[in-house]
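Novice: Have a look at this prediction, sequence included:
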Amino acid sequence: MRFSTKLIHNASTIDPATGAASPPIHHASTFHQDPANGAARFVYSRSKNPTRSILEDTIAELEEGIAGFAFASGMAAIAAVLMLFSSGDHLIVAKDLYGGTDQILKQLSQRFGLEVTYVDMTDLVNVASQIGPRTRAIYIETPSNPTLTITDLRAIGALAAQHHLVTIADNTFMSPYLQQPLKLGLDIVIHSATKFLAGHSDVIAGLVVVNSPAIKTQLEQIQVTWGAILGPDDSWLTIRGIKTLAIRLDRAQSNAMTLAQFLSHHPLVNRVYYPGLFTHSQKSLHESQALGPGAVLSFELDPQLPVKEFVSRLHYAIYAVSLGGVETIVSHPATMSHAKMAPIDRQAIGVTDQLLRISAGIEDVDDLIEDFQQALF
Ligand SMILES: *Cc1c(COP(=O)(O)O)cnc(C)c1O
């Protein structure tokens, strides 16, 4: 079965109890247990809920892992994965991580004694040199946010395997349609399903997929005891969103490519970051591990044109945080996703005050280009 077919024909396709072509939303918190019969499949919805299970089985299938877990948000998913580690453990993480992940790592390292080293993941020699006796894991995002830096997934997987480290990839920007880190040798995939998977800017959700039975058992315990589970309504919205992932992303990616080319020729744009452009130095590395450049790009507006003036002239793109919706979203990392980061750290990862990130939506591309064109003067 090809991927686009799998999006439609998976754990969610037919409800075995009724034949329904859309899964039921099970609100039950508790389930009757047959006193004569031991183990019940469902006991209490914090540990397992039938609607959530459909989503968890679906994402496990799409990422080709052995188990999926659905959480109340992408951050809850990340927090749950970080609970796999203990005080004194050392993690090697990418220096240009999602802002929320950066915040949680700083808190965990300060208050719980987790040692965290921030590295440039493109420098594999340096990554290897940071591995010590207490190192337990490597945590990456590729392409990174918001400057779309590419990390070599196979190389990180191989390096980690040599040292028995757990590898974690936040795959939010690509989704399993474009990139499948587990197949390239990584151990844990995380998604903010709020973005491309759910796809309509109407739900906050997080997913994790693992491929080792030992990590599966640990995460099951973390999910049920910490309890930051995804509710049945949000599970259902995410299940429905996933069905159209391929067609949405095909269109959004093609719109992103057209916008990237348009912007890279515009005199008021000083730089465009997008792994689909020949000017991206890691284009071929990205293409060796992903099926497309995705729908997110960033660009540096010329200082002649203030960011606020430019974004207030846009008619279609909404000016907001988040990405992966059907509508085009323009965001300003310096005051939005990276606002909590010290200005000097922001500069070091390329998040200047003139940097804007676009998450291309699925509008008619001619309308998008006309809109950007009229706003750029
Ligand atoms: C949005 C996002 C998150 C956080 O997810 P929420 O669903 O907002 O909690 C984590 N990682 C990346 C790459 C994101 O874009």
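Specialist: All right, it came through fine.
Novice: Name the residue of the protein with the shortest distance to the ligand.
Specialist: Closest residue of the chain to the ligand, Cβ to the nearest ligand atom: residue 74 (2.1 Å). Where C-beta positions appear, they are placed from N, C-alpha and C, glycine not excepted.
Novice: what's the helix or strand for residue 358?
Specialist: Assigned by DSSP states H and E, residue 358 belongs to strand 355-359.
Novice: List the pairing partners of that strand within its sheet, with orientation.
Specialist: strand 296-301 (antiparallel), strand 329-331 (antiparallel) (DSSP bridges).
Novice: Residue 96: what's it in contact with?
Specialist: Residues in contact with residue 96 (Cβ atoms under 8 Å, 6 or more residues apart in numbering) are 141, 144, 145, 147, 149, 349, 350.
Novice: In CSV, list these along with pLDDT and neighbour count.
Specialist: As requested, the contacts of residue 96 are arranged in CSV below (pLDDT from 0 to 100; neighbours: other Cβ atoms under 10 Å):
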residue, pLDDT, neighbour count
141, 98, 23
144, 96, 23
145, 92, 25
147, 95, 16
149, 97, 24
349, 87, 22
350, 91, 18
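Novice: Where does the record place the domain boundaries for the chain?
Specialist: 3-243, 246-375 (automatic domain parsing).
Novice: starting at the chain centroid, how far to the last one?
Specialist: For domain 246-375, the distance between its averaged C-alpha position and the chain's averaged C-alpha position is 17 Å (Cα atoms, centre = their mean, to the nearest Å).
Novice: I'd like the distance between the residue of the chain closest to the ligand and residue 98.
Specialist: Distance, residue 74 to residue 98, by Cβ to Cβ, to the nearest Å: 8 Å.
Novice: ok now do the residue nearest the centre of the chain, which residues does it touch?
Specialist: Centroid-nearest residue in the chain, with Cα atoms, centre = their mean: residue 172, separated by 1.5 Å. By Cβ under 8 Å, 6+ apart, the contact set of residue 172 is 74, 98, 141, 190, 191, 192, 195, 196, 324.
Novice: intersection of neighbour lists for residue 74 and residue 98?
Specialist: 172, 192.
Novice: Would you map the strands across this structure?
Specialist: Per DSSP state E, the chain carries strands over the ranges 67-71, 90-94, 115-119, 135-141, 166-170, 188-192, 206-210, 269-273, 296-301, 318-319, 329-331, 355-359.
Novice: To residue 125, which of these lies closest?
Specialist: strand 115-119 (10.5 Å; Cβ to Cβ).
Novice: Packing partners of the closest one?
Specialist: Helices and strands touching strand 115-119, by 3 or more Cβ pairs under 8 Å, 6 or more residues apart in numbering; DSSP states H and E, are strand 90-94, helix 99-112.
Novice: thought residue 149 was touching residue 119?
Specialist: No - taking Cβ atoms under 8 Å as the definition, residue 149 is not a contact partner of residue 119, at 11.9 Å.
Novice: Could I get the buried residue list for the lowest-mean-pLDDT helix or strand in the chain?
Specialist: Within the chain, no helix or strand scores below helix 343-348, which has a mean of 88 by mean pLDDT, DSSP states H and E. Along helix 343-348, these residues count as buried under the neighbour rule (16 or more other Cβ atoms under 10 Å): residue 346.
Novice: Show me what that helix packs onto, helices and strands only.
Specialist: Partner elements for helix 343-348 (3+ Cβ pairs under 8 Å, 6+ apart): none found.
Novice: How about residues contacting that helix?
Specialist: Applying Cβ under 8 Å, 6+ apart, the contact partners of helix 343-348 are 95, 333, 334, 338, 352.
Novice: Adding distance to the ligand, neighbour count and pLDDT, write those residues out as a markdown table.
Specialist: Listed next are these as a markdown table, based on distance: Cβ to the nearest ligand atom, whole Å; neighbours: other Cβ atoms under 10 Å; pLDDT from 0 to 100:
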| residue | distance to the ligand | neighbour count | pLDDT |
| --- | --- | --- | --- |
| 95 | 14 | 15 | 91 |
| 333 | 11 | 24 | 94 |
| 334 | 16 | 20 | 94 |
| 338 | 12 | 22 | 87 |
| 352 | 20 | 16 | 95 |
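Novice: Let me have these in TSV, extended by distance to residue 15.
Specialist: Formatted as TSV, the contacts of helix 343-348 follow (distance: Cβ to Cβ, whole Å):
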residue	distance to residue 15
95	46
333	42
334	47
338	43
352	51
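Novice: Between those residues, which sits nearest residue 221?
Specialist: residue 95 (31.1 Å).
Novice: Could you measure from the closest one over to residue 350?
Specialist: In terms of Cβ to Cβ, residue 95 sits 11 Å off from residue 350.
Novice: In helices only, show me the contacts of helix 343-348.
Specialist: With DSSP state H as the criterion, helices contain none of these.
Novice: so the residue of the chain closest to the ligand touches residue 190, yeah?
Specialist: Yes - between residue 74 and residue 190 there is a contact at 7.2 Å, judged by Cβ under 8 Å.
Novice: which neighbours do these two share?
Specialist: 172, 206.
Novice: Quick check: pLDDT value at residue 80.
Specialist: Looking at residue 80, its pLDDT reads 98.
Novice: next one: residue 120
Specialist: For residue 120, the model assigns a pLDDT of 95.
Novice: same question, the one 5 residues further on
Specialist: Confidence at residue 125, expressed as pLDDT, is 96.
Novice: all helices for the stretch 201-350 of the chain, in order.
Specialist: In the stretch 201-350 of the chain, the segments counted as helices under DSSP state H, counting those that start in this stretch are 213-226, 232-243, 245-264, 283-289, 307-313, 343-348.
Novice: got the ones you listed as CSV, with distance to the ligand columns?
Specialist: Below are the helices of the stretch 201-350 of the chain laid out as CSV (distance: least, Cβ to the nearest ligand atom, whole Å):
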stretch, distance to the ligand
helix 213-226, 15
helix 232-243, 11
helix 245-264, 15
helix 283-289, 16
helix 307-313, 20
helix 343-348, 17
